[in-house]
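Participant: Give me coordinates for this.
(2 chains)
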Protein chains: 2
Amino acid sequence: MSTATVDPEAVVDDSAQRRLALAKEASREVAQLTSSDKSAALDAVAAAIEAAADRIIAANAEDIARGQADGIGDALIDRLRLDEVRVNALASAVRDVARLPDPIGQVVGGHRMPNGVALEQVRVPFGVVGAIYEARPNVTVDIGALALRAGNAVVLRGGSAARSSNTVLVDVMREALAAQGITPEAIQTVDDFGRDGARALMHGRGFIDVLVPRGSASLIQTVVTESTVPVIETGAGVVHIVLDESAPLDWARDIVVNAKVQRPSVCNAVETVLVLRQAAPLLVPVVASALQSEGVTIHGDDMVAGLVSNVVPATEDDWAAEYLSLDIAIKVVDTLDDALAHIRQYSTGHTESIITSDARNAERFLAEVDSAVVMANASTRFTDGAEFGFGAEVGISTQKLHTRGPMGLAELTSTKWLARGSGQTRG
Amino acid sequence: MSTATVDPEAVVDDSAQRRLALAKEASREVAQLTSSDKSAALDAVAAAIEAAADRIIAANAEDIARGQADGIGDALIDRLRLDEVRVNALASAVRDVARLPDPIGQVVGGHRMPNGVALEQVRVPFGVVGAIYEARPNVTVDIGALALRAGNAVVLRGGSAARSSNTVLVDVMREALAAQGITPEAIQTVDDFGRDGARALMHGRGFIDVLVPRGSASLIQTVVTESTVPVIETGAGVVHIVLDESAPLDWARDIVVNAKVQRPSVCNAVETVLVLRQAAPLLVPVVASALQSEGVTIHGDDMVAGLVSNVVPATEDDWAAEYLSLDIAIKVVDTLDDALAHIRQYSTGHTESIITSDARNAERFLAEVDSAVVMANASTRFTDGAEFGFGAEVGISTQKLHTRGPMGLAELTSTKWLARGSGQTRG
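Facilitator: Alright, predicted model coming up:
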């Protein structure tokens, strides 16, 4: 039922659905490309991006001007901006993806049935990957390249703030494919259909094999609840660090500071620290002062406020907050059980870490916390495709179906079973 | 975002959602059970089912009487009926599941990061598995046992026609767990909430980690399009066999007859046969007459009607039909390309097979057909968990996310990443 619930040939108007149908058709062609074909195509895409730098930057300037007129804020403007260095970085990322090992055709299982039928489970492309994301033009190129490396066609729906940039980037990628003799229909955008484009993706049964939302919690929530196509939920991270009674002071301080400060705007940054009561008088002042000297605002409970100055009193909202900023919530808990209960209630299942020198507590934490990545004595910032050695960043799955945690190229594939017989029938 | 979007503690009324919350809470306990604990619990469930045979059969008699009064038909009555032999078979199936290797804790990947952090990817339970199915009481026991073997809690929603049987079966399983010192809340039913029970499952975000629909195409379609929780789509099979120009006559005849006749009511039974034109005069009369002698009605195109008597003229509806009966559609196509195009248009992505002695055509078919199982020279009836050696039948996934084809116990699990460090921070 996942294929061909609508006949692509029947959709002839220039609608968003037509783009989906073209992508579906193109997916059959790119699924059969060899690894060398795909590497060559991606190298051509990279060269085309470099050659079109002026065109890309000019289009980006339109987005920047519109964004400034709309007053979207400096942080967003910065994420939106493409200059020559960033355009070259885009091209370089595409070349990196071109060098990643091709997952397609890998044999992941199989055996011979007692009657002699040879069974083989092989990795195959999904077919058509959909992506809905916000105003970061680099995602257009990253997801386009990753999808193609794994033999998929892709339908992109970027944020309207990056629309001019995305239009040119998609054009450039399509032109590069065409020049390589590969159908340009393998890369589609539905940006020009506005909300209808997103809706077509979310309801594109028969065309879209998997849909990946990337962006804010509300965007992800909308895609997850509205879609009738299979979705991989990514991202939102209310990330916890527990400071156990036996936590070494330097590890506690260094890991919490690193996890909060190194890049506060990303999903693997820590948001809440839970400190065991017995260790709080020792740990909280040191950790809090290290955070404050980096400009972090501490939202703490009464005990934290009694140990540290300049604490904002924490409310219920703080325990559920994904700040994505230089803010952190700190709470004192009586026992490890209480810490685990707090995490069960407030965690989004992304990453949690315990700092401890007690092996039993470390192993209990690793066993009982139900998150994509569970750590002992390491910074939550390591939850990342590149850090995990996957070479490329698709997103971080916070659901349990298909894949959990950082997603590499293999996570953009499915499998199928091949059965080779010689006339066998079932008895 | 996949966990704790609702606080289970906050749901206190006796609602369907309360059952989901109890299952979620219980899932934490069963996730930590050892393999021996789970085997012992399942053996106790099997013994309890045998001991309660009279109670189960009496409840089933109520369902049968109600079904007969409602005139639901002999085939459904037969699927619904439990007698002593069938009750013993239920218990025996549970004992088989108890002996299957435990997938939980299996290390499926990992490596040491350059900075020394040890990464390990391990199999973990989903948490809470939901199931929505029709009037087959054996599914209640099968899915209950499989879910528990993989360390999951389960929430069941069976067909109303089997409600009395299911109520007793769930009671018996819960009593057996409690007697083993395991929380009975690990097995829940929401049958008593009628449609609201199904709705609670489909919208049970934060409680239901994966939902498996089993049953008719319309039931599956409803669950897939209405659910906001992750779903594994199963089942519907418009299954094709292609008879290539070089198909050996005996293989063509034996495989088509086996694939249609051995058990016509199941999803891996063939529905459409595509015959290459050049071979049609040789193959069609032999295959058709073998089918007709087994009582099969042939729905054929003009060329088939010209080669065989008693052919019902095929219409567009026949090419899309999942007959699940002693009916078959036969169409003559000019080329293998045409056969592939027909499959693209009408297949549900379940299973397709080609009968050929031409290695090039076999490999092309295996590479290009985008279905869960693609075969050369074997009966489509082999697409089955038991035949694939999985030991147990969860269903057959026709989607590409998470798992594709027959689902074994491992497909009822997720993974998580464990990271063990010694104070590492990200540079």
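Participant: From now on I want contacts and neighbour counts done on CA atoms only, so please keep to that.
Facilitator: OK.
Participant: Leaving out chain neighbours, which residue sits closest to residue A:66?
Facilitator: residue A:161 (7.7 Å; C-alpha to C-alpha, 6 or more residues apart in numbering or on different chains).
Participant: Assign a three-state SS to the one you found, would you?
Facilitator: Three-state assignment for residue A:161 (DSSP: H, G, I helix; E, B strand; the rest coil): helix.
Participant: what lines up beside the longest strand belonging to chain A in the sheet?
Facilitator: Using DSSP state E to define each element, chain A has its longest strand at strand A:413-424. With DSSP bridges as the test, strand A:413-424 is paired with strand A:118-125 (antiparallel), strand B:373-378 (parallel).
Participant: Deepest in the core, which of the ones you listed is it.
Facilitator: strand B:373-378 (a mean of 28; mean count of other C-alpha atoms under 10 Å in any protein chain shown).
Participant: So is whichever helix or strand comes after that one next to chain A?
Facilitator: Toward the C-terminus, strand B:373-378 is succeeded by strand B:396-397 as the next helix or strand (DSSP states H and E). No - between strand B:396-397 and chain A, judged by C-alpha under 8 Å from any C-alpha of the partner chain, nothing touches; the nearest distance is 9.8 Å.
Participant: helices and strands around strand B:396-397, which ones?
Facilitator: With contacts defined as 3 or more C-alpha pairs under 8 Å, 6 or more residues apart in numbering or on different chains; DSSP states H and E, the packing partners of strand B:396-397 are strand B:405-406.
Participant: Mind listing residues that contact the strand it packs on?
Facilitator: Here strand B:405-406 makes contact (C-alpha atoms under 8 Å, 6 or more residues apart in numbering or on different chains) with A:416-417, B:350, B:372-373, B:383-385, B:388, B:393-398.
Participant: again, but for stretch A:62-80
Facilitator: Defining contact as C-alpha under 8 Å, 6+ apart, one finds that stretch A:62-80 is touched by A:60, A:81, A:135-137, A:161-165.
Participant: Now that stretch: average pLDDT?
Facilitator: Model confidence over stretch A:62-80, given as mean pLDDT, is 91.
Participant: Restrict it to CA atoms and write it as PDB.
Facilitator: Taking C-alpha atoms only, stretch A:62-80 is exported to PDB below (Å, rounded to 0.1, in the frame of the first residue of the first chain):
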ATOM      1  CA  GLU A  62      17.300  39.300  -1.800                       C
ATOM      2  CA  ASP A  63      16.500  37.000   1.100                       C
ATOM      3  CA  ILE A  64      18.700  38.900   3.500                       C
ATOM      4  CA  ALA A  65      17.100  42.200   2.400                       C
ATOM      5  CA  ARG A  66      13.600  40.800   2.800                       C
ATOM      6  CA  GLY A  67      14.500  39.300   6.200                       C
ATOM      7  CA  GLN A  68      15.900  42.600   7.400                       C
ATOM      8  CA  ALA A  69      12.800  44.400   6.200                       C
ATOM      9  CA  ASP A  70      10.700  41.900   8.100                       C
ATOM     10  CA  GLY A  71      12.900  42.300  11.200                       C
ATOM     11  CA  ILE A  72      13.700  38.600  11.600                       C
ATOM     12  CA  GLY A  73      16.700  39.200  14.000                       C
ATOM     13  CA  ASP A  74      20.400  38.900  13.700                       C
ATOM     14  CA  ALA A  75      20.800  35.300  14.600                       C
ATOM     15  CA  LEU A  76      18.400  34.200  11.900                       C
ATOM     16  CA  ILE A  77      20.000  36.600   9.400                       C
ATOM     17  CA  ASP A  78      23.300  35.000  10.200                       C
ATOM     18  CA  ARG A  79      22.000  31.500   9.600                       C
ATOM     19  CA  LEU A  80      20.400  32.700   6.300                       C
END
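Participant: How far does that stretch sit from its chain's centre?
Facilitator: How far stretch A:62-80 lies from its chain's middle: 23 Å, per C-alpha atoms, centre = their mean, to the nearest Å.
Participant: got it, and stretch A:289-300?
Facilitator: Remark: stretch A:289-300 is offset 28 Å from the chain centroid, using C-alpha atoms, centre = their mean.
Participant: Can you mark which positions in it are buried?
Facilitator: A:289-292, A:296-300 (16 or more other C-alpha atoms under 10 Å in any protein chain shown).
Participant: care to break chain A down by domain?
Facilitator: If you go by automatic domain parsing, the domain ranges for chain A are A:8-232+A:407-420, A:239-387.
Participant: And the ones you listed, which one averages the lowest pLDDT?
Facilitator: domain A:8-232+A:407-420 (a mean of 93).
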